[in-house]
Each structure stands twice: as structure tokens, then as C-alpha cells.
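Asks: Sequence first, then the predicted structure, then my questions.
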There are 2 protein chains.
Amino acid sequence: MHKKLFIPGPVEVRQQVLEKMATPMIGHRSKEASELQRRISDNLRKLFYTESEILISTSSGSGLMEGAIRSCTLKKAAVFSVGAFGKRWYEIALSNNVPADKFDFPLGQAVDPAKVDEVLATGEYDLITITHNETSTGIMNPIEEIAEVAKKYPNVIFCVDTVSSAGGTKIEVDKLGIDICITSSQKALALPPGLAVCTFSEKARARAEKVQFRGTYLDLLSLYKYIKKKDYQYPSTPSLSHMFALDYELDYILNVEGLENRFNRHIEMATVVREWAERYFEIFPDKRYLSNTLTTIKNTRGISVSELNKELGRRGFQISNGYGDLKEKTFRIAHMADMTVADVKELLLNINEILALE
Amino acid sequence: MHKKLFIPGPVEVRQQVLEKMATPMIGHRSKEASELQRRISDNLRKLFYTESEILISTSSGSGLMEGAIRSCTLKKAAVFSVGAFGKRWYEIALSNNVPADKFDFPLGQAVDPAKVDEVLATGEYDLITITHNETSTGIMNPIEEIAEVAKKYPNVIFCVDTVSSAGGTKIEVDKLGIDICITSSQKALALPPGLAVCTFSEKARARAEKVQFRGTYLDLLSLYKYIKKKDYQYPSTPSLSHMFALDYELDYILNVEGLENRFNRHIEMATVVREWAERYFEIFPDKRYLSNTLTTIKNTRGISVSELNKELGRRGFQISNGYGDLKEKTFRIAHMADMTVADVKELLLNINEILALE
């Protein structure tokens, strides 16, 4: 029995999108491939509210995180971490011999923009990384306020992991001055996993030109130069199946649902889950910075989350246990992608039935 | 109109396999994902005739080439190049600050095992790379003879790019002593592009333990350790769609068609194309080392290859022009994956009609 996925990726994918994954192959050096990939880039620019070039990588979002921090750090990177995905940025930097320092905030708390200011004022750093939406805790960082700080330091490359938020919440890349904004296919973009995309500013490009050993497959500058020279074709054979599906879904997002409607639907779904969580449990993270795509709930009733998930499985639903040390102490409900408010309500009704909540 | 692809990847994908790409999503941290990925690894071990562990990367084959040369070179890599994909190994090494030397053979010639011996005898190198099947020229290198040489140097890691041959021709990894044997989904494995796989020997693992900065996403040792710890789950969200399709296709290859039948079918298809090429044109590469999956044909009649391909396109077929400098001087017909001898004959009949060959 298929389980409807309320987990923070892979998300539930609509039948129409799945069918696009089954599109017959075309040559990746064809005019048709160029047109497909150019159209995707044009539409992603609308989704990200940017004039920057778009780079597409057949990899997970982590692949492009590696490409960003390795291609664009010359001096030292400052990693601001509010959980598992901040830690990942830092470990990626170390594994590539990229100098980096990590600044941690307690689990459930957001990045403090004042701390970012303090760190950048030292002049030690020329790149910063922010996890916009931290799926391990359910925090959505105050990206506007952090952006205001970042703008004070024009030599700093501003990298943002929007893997679990882009497509579900408005991220105005150019207005925020983000140089590299990364997301991947299997979250709010509502596709299967396997593709990652990022914006790549002129400033990031200029920086990468100065960095010597950037590797090949994940090197943002190599990707950029290749698509410019070869009319949006990629150096290696990309996942064309994901391209077909992304092309279809971007048209749906922009022209059928509409961006504002999509962002509002995510807020509505989040509101329903938060109200439910407040009524029967407690919300785990700082309420000033709640994620629009995922809610982390404190297990104040001491239920067995894994037992709950098993029973939900029998009914055709799946939610997530807490992440790492937060397992069983919290549980997580993702409300993103092409899911509807009705889907979310149906899930919550089932949880209520199983736990006999009234 | 869909064009049947006789190009060296992406290949034509059967409808049944395409449909598997449309399988609904499952959680990538589920027991189901572990079972799927373990089964794929077990079946790939049969395809590669190996006891080595299998690593799966959501990337193109080039991604794993980068992982191999970066993760496992401690001293210096010797790259033996017979065309575009040999050159790629070398450029990947340089871009990662991995010391490497490239030894070139003329286009259309194979690697000379005596040269490999001479190079390794210097003691300068601790890793070699061979392109088993070079799709830019149609050469299939004498891997058995090269393997005999490699065995004389037990401290050398033996890496082989079998991207365009594995699944179409027998490669007995353990018998040949290959440490890292790489392939990707969109060639003789008959899937859409987007996934790469490799074998990873104990010797390669021990070497990688000694290499300090291996990166993260493409690091073979990180992948290895993670799947061992997490029951064949991967550190980042993998392309589950490709996993579903690969699982289906491996069962087909091993249990429906059978490996020996599959390899024989590839020889039959190659024979038909070679006989046709000899009759109407000439074969480009050294006839002692012809590829079983692709034939490069010398354009002795001075036809316009691009015009031929346009007319073939109108009839629902696509072949490849020559690669790089060999464009219009040669053309290429791929005969790999799930294509049949009848498909190949149909293509050749159409070429004969278009060119009025008798």
C-alpha cells in the first residue's frame, strides 16, 4: 500500500508529474535538450525572483552545497548552523580543505543576525552559509534580517540552502542579495529526488574565477561556462527524466497555481498543523521563526512516535520521527509541495483517531 | 515524432523501464529503500562478476570518475587516453590538484599494454585509469592484457571507465583485478541518465583511508562507510526513480534475458553494423580492438552526416556524428542496451534507402 508522504523529502509526487518522469529519451546534445533546459532556467529565475544565471546539477542539494563552498571560498567560510544541515555545510568545507568556522545556535533557535554582523565584522570571512529552513528542527531563519547584515559586507559571498523551502515560500534572491541560492527537486518543488538547482550571481562567478582547485563535476564555474558556450547543454549527461518533470511542474507552479497562491497554500497548511500541534502537543522551535513547510512537534504526551507511524502506515500515511537526538522527543509533519490543506486535515484526523485525541 | 536513439547515450529506453521511472515515492530512510538498494547492489555484483562492494551515486559517470581519482590517488595517477574520455580523466585530476600524467595513443588506436608496463615500472604512479570503451573513436581497449600488466604492480589502484560497455560486454572485475569499475545508467544498462555505479575493492578502500581531502558528495569512502552503517541507505537523498528502474532492469538482464545472451546479442548487433560498414564505408578504428557497443565509421563517401541524420530523424531514427575533430569525417552508430538485431537492421535499411546504397 502506498503511503502518502508527510516527511521532509522525498515528498508526495502527483501522478501527472510521475508520468513526465517516464518521457522517452532525447539526445542530450540536441536542440530539443537546449530548449528544454533554457526554458527551465528561465522559469526558475521567476521562482527565485532573480536575474542571476541558473545552474542545474544531477545530484542532491548537498552536491551543490559542496560546489558552492568549494568554488567560492578564497579566504574562509563562516557557517551559521541551527541543526543537521548547518553541520553538513561545515563538514563539506572541512572535507575539501576549505577553511571554515562554524557558529552554532541551540536546536530550535534561529540564527541571530547580530551574531552574523559580529562575525563578519572581524573581516576574516569571505563567504557565509545559511540554512534557510532547517528540517531537523522546523526553524525558518529570518533571511531578510540576515540579508540586511550581509549587504554591509560586499566582499562576502552569501550562500543560502533553500532546499526545503524554495517553491513553498517566497525567496526574493536579488532583493536579498543572495549570491548562491540552492534547492533540490524532492522538496517544495514537488518532484522525485535526483536534481539540484542554484542561482549563481555575477559576484559568485567573479569569485570562483580566483579559486584554483574547484574540482569538475560540482564546480559551479565549469557548469556556468559550459551552459553559456553550449546553449544550456550540460558537460555530463544530465537526468533528462527530471528535466521533463521539472519543466512540467514549473509551468504548473507559475501558470496554473501561481506563485502567490502556492506560497499562501503553504502558509494555510502550516497554520492548520500549528493550531493542531498547539492544541494537543507543543511546537518545538522558537515560535517567532516557524517553518512554512514543516512543523516539529514536542512529544509532550510521551506517545511512541514509531508506533504512531506504523499505524499511520497501515492507513496510508507517513510522518517523520524527530531528527537525531530529537527522535521520539519530537516528531515532524511536512506540509509542502503539491499537498493540499485537505490532505493535511485528513492526516491530522487520522492521528487524532489513532491517539484518541479529542 | 520520437526518434529511436542509436547514439552512445542516452540510449533508447523500453516502455516498461520508463514506466518504472514513474513509481510513486517512498521514504529514503525506510526499510523498503534499504531492501531496494541492497538488492540492486547484489545484482550489480553479478553483472560485474565481483565480490567487491557496489557504490551508487546520483550523478553521471563523470562524477564517480572524479570520486575515484580524487579518493584513491596518494602519489600520482597515470591516465591512459585513447580519446575524449581519457582526456576527461586527466582534466578531472588536474582540477582537483591530484598529480597526474597523461599518456596518449592516436585516435582510433588502443592502449598498448607494453606502454602501461613501461610507465608503471617507473614506480612513480599508484593509480591508473583506463577507458574500456572509448565512444569518441569506437575502440574497446584490450582490458585482459592491460589487467595482466596491472597485476604486476600490487600497489597500483586499477580504475576502469566501463561507462559505455558494462552490461553490454562481459567485464569480470575480480578476475581482471579491477579496483574501481565505473558505469552509468544511460548506456548498455538501458536506463535514462542520472545514476552512476561503481565497484569498490578492499584495496581501493584501504587506499582512500590514507587520502586526506576527498570531498564529500563524490567521496567513495564516505559512500562506502555510510551504506555499511545504514544498511544500504545513502547519505543524501538518491534518485529513487532510477533505483526503481535499475532494480527492474537488473532483474530483466539477469533472469529474463541472461547475461551471456545479452553479451552475445551485443556481438551480433556489432557484427551486423561492422559488415555493413565494411561493405559501404570503412571502419575507422584499429580492427583488432573494435567496440561491441558502438561502431565508428569512416565517411569514405563524403556524405553529409548531418543531412543524413536529419532525414533519419524524419523517419524516426537518430545516429551520431563524429566526435570533436572527427565530425563529418566519421559517424557513429551505437548498438547497445535493449536494442535488437532487427532494430539495427531496420536502421541500416533506412540509411541504405536515403543514401541509395545497393
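Replies: Yep, that arrived.
Asks: From A:His2, how far out is whatever residue of the stretch 251-358 of chain A ends up closest to chain B?
Replies: As assessed by C-beta to the nearest C-beta, chain B sits closest to A:Gln318 within the stretch 251-358 of chain A, at 6.1 Å. For the C-beta atoms, the positions are set from N, CA and C on the backbone; glycine is no exception. Separation of A:Gln318 from A:His2 (C-beta to C-beta, to the nearest Å): 10 Å.
Asks: Around chain B, which positions in the stretch 151-300 of chain A sit nearby?
Replies: Proximity of the stretch 151-300 of chain A to chain B (C-beta under 8 Å from any C-beta of the partner chain) is limited to residues A:184, A:186, A:192-194, A:212-219, A:222, A:235-242.
Asks: So which of those are in strands?
Replies: A:Ser184 (DSSP state E).
Asks: Filter the residues of the stretch 151-300 of chain A next to chain B down to the buried ones and hand me the PyMOL line.
Replies: The PyMOL command for the buried members of these (criterion: 16 or more other C-beta atoms under 10 Å in any protein chain shown) is given here:
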select buried, chain A and resi 184+186+192+193+194+214+215+216+217+218+219+222+235+236+237+238+239+240+241+242
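Asks: got a list of what the closest residue to A:Arg315 other than its chain neighbours touches?
Replies: The shortest distance from A:Arg315 to any non-neighbouring residue, by C-beta to C-beta, 6 or more residues apart in numbering or on different chains, is to A:Asn350 (5.4 Å). Applying C-beta atoms under 8 Å, 6 or more residues apart in numbering or on different chains to A:Asn350 gives the contacts A:Leu312, A:Arg315, A:Phe317.
Asks: Distance check, whichever residue of the stretch 1-150 of chain A sits closest to chain B against A:Arg70.
Replies: Nearest residue of the stretch 1-150 of chain A to chain B, counting by C-beta to the nearest C-beta: A:Ser60, 3.6 Å away. The gap separating A:Ser60 from A:Arg70 is 16 Å, by C-beta to C-beta.
Asks: How about A:Asn96?
Replies: A:Asn96 is 5 Å from A:Arg70, by C-beta to C-beta.
Asks: ditto for A:Glu202
Replies: From A:Glu202 to A:Arg70 the distance is 19 Å (C-beta to C-beta).
Asks: Neighbour count for those two, which is higher?
Replies: The neighbour count for A:Glu202 versus A:Arg70, taken as other C-beta atoms under 10 Å in any protein chain shown, is higher for A:Arg70 (26 against 11).
Asks: Need the three-state assignment for that one.
Replies: helix (DSSP: H, G, I helix; E, B strand; the rest coil).
Asks: any idea how far it lies from B:Tyr217?
Replies: 10 Å.
Asks: A:Thr58 too?
Replies: Distance from A:Thr58 to B:Tyr217, by C-beta to C-beta: 11 Å.
Asks: what element comes up after the longest helix along chain A heading to the C-terminus?
Replies: Ranked by number of residues, the top helix in chain A under DSSP state H is helix A:259-280. Moving toward the C-terminus from helix A:259-280, the next helix or strand (DSSP states H and E) is strand A:282-283.
Asks: and whichever helix or strand comes after that next one, C-alpha only, in CSV?
Replies: Downstream of strand A:282-283, the first helix or strand assigned by DSSP H and E is strand A:294-298. Listed next in CSV are the C-alpha coordinates belonging to strand A:294-298 (Å, rounded to 0.1, in the frame of the first residue of the first chain):
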residue,chain,number,x,y,z
LEU,A,294,7.5,21.6,8.1
THR,A,295,6.4,21.6,11.8
THR,A,296,8.4,20.0,14.5
ILE,A,297,6.2,19.0,17.4
LYS,A,298,7.3,18.3,21.0
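Asks: Beyond strand A:294-298, next helix or strand please.
Replies: helix A:305-314.
Asks: any idea which element the residue nearest to A:Arg315 lies in?
Replies: A:Asn350 belongs to helix A:341-355, assigned by DSSP H and E.
Asks: got the angle between that helix and helix A:259-280?
Replies: Counting by axes from the mean of the first three to the mean of the last three C-alpha atoms, to 10 degrees, helix A:341-355 points 20 degrees away from the direction of helix A:259-280.
Asks: Just give the closest residue to the closest residue to chain B within the stretch 51-200 of chain A, not the sequence neighbours.
Replies: In the stretch 51-200 of chain A, the residue that lies nearest chain B is A:Gly194 (3.1 Å; C-beta to the nearest C-beta). Closest residue in space to A:Gly194, ignoring its immediate chain neighbours: B:Ser239 at 3.1 Å, by C-beta to C-beta, 6+ apart.
Asks: need the contact list for the one you found.
Replies: Going by C-beta under 8 Å, 6+ apart, B:Ser239 touches A:Pro192, A:Pro193, A:Gly194, A:Ser239, A:His242, B:Thr58, B:Gly194, B:Leu195.
Asks: And for A:Pro8?
Replies: Contact criterion C-beta under 8 Å, 6+ apart gives A:Thr135, A:Ser164, A:Lys187, A:Thr293, A:Leu294, A:Ser320, A:Arg332, A:Ala334, A:Met336 as the residues in contact with A:Pro8.
Asks: Look up which helix or strand it falls in, please.
Replies: If you go by DSSP H and E, A:Pro8 is not part of any helix or strand.
Asks: give me phi/psi at it?
Replies: Dihedral pair for A:Pro8: phi -80, psi 60, per degrees, to the nearest 10.
Asks: next one: the one 5 residues further on
Replies: Backbone torsions of A:Val13, given as degrees, to the nearest 10, read phi -110, psi 130.
Asks: burial count for it?
Replies: For A:Val13, the number of neighbouring residues by other C-beta under 10 Å comes to 26.
Asks: Check it and give its pLDDT.
Replies: As predicted, A:Val13 sits at a pLDDT of 98.
Asks: which residues sit in contact with the residue nearest to A:Gly61 when sequence neighbours are not counted?
Replies: For A:Gly61, ignoring the flanking residues on the chain, the nearest one in space by C-beta to C-beta, 6+ apart is A:Ser184 at 3.6 Å. Counting by C-beta under 8 Å, 6+ apart, A:Ser184 makes contact with A:Gly9, A:Ser60, A:Gly61, A:Leu64, A:Val163, A:Pro193, A:Leu195, A:Ala196, A:Val197, B:Thr237.
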